[in-house]
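Chemist: next come a sequence and a model predicted from it.
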Amino acid sequence: MALIALAADKGAPGVTTAAVALGAVWPRPVLVAECDLAGGDLVHRLPGEQGLLDPGKGLLSLATSARRGLRPEQIAPHTQRLNGGLDVLVGLTNAEQAAGMTWLWNPLGRSFAILPGVDVIADCGRLGPHTALVDLLREADMVVLVTHASVDHVAHLRERIAALSADLPKQRAHLGVIVIADPRGFRDAISEVERIIVAAKLPATVLGGLAFDPKGAHMLRGPWGGRLDKSLLIRSARELAVNLLRRPVLESRNVPAGPPRHPTVTSAPPPRAQTGPQPVQRPAQGAPPIGSRGQAPQGSGHAVPPSGPHTGPQQVLGEPPRGR
Ligand SMILES: Nc1ncnc2c1ncn2[C@@H]1O[C@H](COP(=O)(O)OP(=O)(O)OP(=O)(O)O)[C@@H](O)[C@H]1O
Ligand SMILES: [Mg+2]
């Protein structure tokens, strides 16, 4: 359905945590894809449904199988499911692997953007100048930068927005910002970043915040359970997911019919058939591979599945974070 690319500038940690937290509460079927050129972290942090995640199954194996062009349906066999129900595409093992993969980012972005019935949250890590990932970012419905509400982070953010808006003309209206903020001054911090961006007339929208919550972030890095569901991080992620999905560019993507499906961050994952996410759905065979010579479709060309009852993000709306 939609491709949401999360990234940050220098010195603003929290992209992977934001991607996983959002994926964990996303009210529509979702795949979290690690596209960080510096390498992925999920295999070191999170258990899969069948034990440890397999580092050999993910972006690298997908790239190997897509040498002659990439079809969206080639992605599913390289995804894994976390214990807790979230589908992930694990990233590269190290930065060296990214060197020979510059050809992948455009077809991958295009494939993510037309995966039927599944949103993709791509963890794009830190963006420097001339990043090869710009080829993926160009295909995103929304490019979202994670920042902290401090002078230095916001200064870098301003520069990055200006550079990205020149590199990504298509996304100018869909550049977003997430503020990682202390729960005690949560709303004020978000408003302050918003004020700076508006005053500088930057083409980006502040979408909301994620709580700076070391306990919640720590809990998200292991087997999900305990009080994670009630953590400030997850509660703020729920509110943020709702805000994101209210953006017209994402809301307009139709959701397939059926009950709401989203991963669970509760301690005992319910049976998959009831509330667990569906495996990444495969589009019809026969579409030309993306990236194959002479056959690549132009633009994202989103395949919108048949309209069904909107699963209503408000159904999973949690309380906004409050000060402790
Ligand atoms: N919202 C948060 N509240 C508290 N701690 C956080 C939050 N987000 C991330 N952290 C912590 O900051 C550290 C880095 O987080 P994370 O891996 O998400 O950052 P990153 O931007 O993906 O970093 P990298 O560039 O290394 O991939 C981790 O220890 C994580 O637990
Ligand atoms: Mg990361």
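Modeler: Nice, thanks for sending it over. Numbers count the residues shown, from 1 in each chain. Ligands and ions are numbered 1, 2, ... in the order given.
Chemist: which stretches in this structure count as strands?
Modeler: Remark: strands assigned in the chain by DSSP state E are 3-8, 30-34, 47-48, 51-52, 80-81, 87-89, 119-126, 142-148, 175-181, 205-211.
Chemist: residues contacting the fourth one, please?
Modeler: Strand 51-52 is contacted from outside by Val43, using C-beta atoms under 8 Å, 6 or more residues apart in numbering. Bear in mind the C-beta positions are built from the backbone N, C-alpha and C, glycine included.
Chemist: what's the mean pLDDT across that strand?
Modeler: What strand 51-52 shows for mean pLDDT is 92.
Chemist: that strand pairs with which strands, parallel or anti?
Modeler: strand 47-48 (antiparallel) (DSSP bridges).
Chemist: circling back: could you export the strands of the chain to TSV, including columns for distance to ligand 2 and mean neighbour count?
Modeler: Converted to TSV, the strands of the chain look like this (distance: least, C-beta to the ion, whole Å; neighbours: other C-beta atoms under 10 Å):
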stretch	distance to ligand 2	mean neighbour count
strand 3-8	9	27
strand 30-34	8	26
strand 47-48	18	16
strand 51-52	19	10
strand 80-81	17	20
strand 87-89	13	25
strand 119-126	5	26
strand 142-148	10	25
strand 175-181	13	25
strand 205-211	14	24
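Chemist: which among the ones you listed is found nearest to Val242?
Modeler: Closest approach to Val242 among the strands of the chain is made by strand 205-211 (8.6 Å; C-beta to C-beta).
Chemist: and that closest one with ligand 1, contact?
Modeler: Yes. On the criterion C-beta under 6 Å from any ligand atom, strand 205-211 is in touch with ligand 1 at Leu210.
Chemist: what's the answer for stretch 134-153, then?
Modeler: No. Judged by C-beta under 6 Å from any ligand atom, stretch 134-153 makes no contact with ligand 1; its nearest approach is 6.9 Å.
Chemist: and the end-to-end length of that stretch?
Modeler: For stretch 134-153, the separation between the terminal residues is 21 Å (C-alpha to C-alpha, to the nearest Å).
Chemist: pLDDT on that stretch, on average?
Modeler: So the average pLDDT for stretch 134-153 ends up being 93.
Chemist: buried ones in the top helix by length along the chain?
Modeler: Scanning the chain for the longest helix, with DSSP state H as the assignment, gives helix 151-167. Residues His153, Val154, His156, Leu157, Arg158, Arg160, Ile161, Ala163, Leu164, Ser165, Asp167 are the ones in helix 151-167 that count as buried (16 or more other C-beta atoms under 10 Å).
Chemist: any idea how far that helix is from the chain center?
Modeler: Centroid separation between helix 151-167 and its chain, computed with C-alpha atoms, centre = their mean, to the nearest Å, is 20 Å.
Chemist: now, which of the buried residues of helix 151-167 sits nearest Gly225?
Modeler: Of these, the one sitting nearest to Gly225 (C-beta to C-beta) turns out to be His153, at 31.7 Å.
Chemist: is it true that the closest one touches Thr147?
Modeler: Yes. Assessed by C-beta atoms under 8 Å, His153 is found in contact with Thr147 at 5.0 Å.
Chemist: give me the common contacts of the two.
Modeler: Asp9, Ala12.
Chemist: what residue ranges in the stretch 1-150 of the chain score low on pLDDT?
Modeler: Within the stretch 1-150 of the chain, no range satisfies pLDDT under 70.
Chemist: try 80 this time
Modeler: 11-12 (pLDDT under 80).
Chemist: where along it do the helices fall?
Modeler: For the stretch 1-150 of the chain, the helices defined by DSSP state H, counting those that start in this stretch occupy 15-25, 42-45, 59-65, 95-98, 105-113, 134-137.
Chemist: of those, which is nearest Ser191?
Modeler: Comparison of the helices of the stretch 1-150 of the chain against Ser191 by C-beta to C-beta identifies helix 15-25 as nearest, at 19.4 Å.
Chemist: just checking, what packs against that closest one?
Modeler: Using 3 or more C-beta pairs under 8 Å, 6 or more residues apart in numbering; DSSP states H and E, the elements in contact with helix 15-25 are strand 3-8, strand 30-34, strand 119-126, strand 205-211, helix 214-220, helix 232-246.
Chemist: Serialize the strands of the chain to JSON lines and add fields for distance to Gly23.
Modeler: What follows is the strands of the chain, written out as JSON lines (distance: least, C-beta to C-beta, whole Å):
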{"stretch": "strand 3-8", "distance to Gly23": "10"}
{"stretch": "strand 30-34", "distance to Gly23": "4"}
{"stretch": "strand 47-48", "distance to Gly23": "14"}
{"stretch": "strand 51-52", "distance to Gly23": "19"}
{"stretch": "strand 80-81", "distance to Gly23": "12"}
{"stretch": "strand 87-89", "distance to Gly23": "8"}
{"stretch": "strand 119-126", "distance to Gly23": "5"}
{"stretch": "strand 142-148", "distance to Gly23": "13"}
{"stretch": "strand 175-181", "distance to Gly23": "14"}
{"stretch": "strand 205-211", "distance to Gly23": "13"}
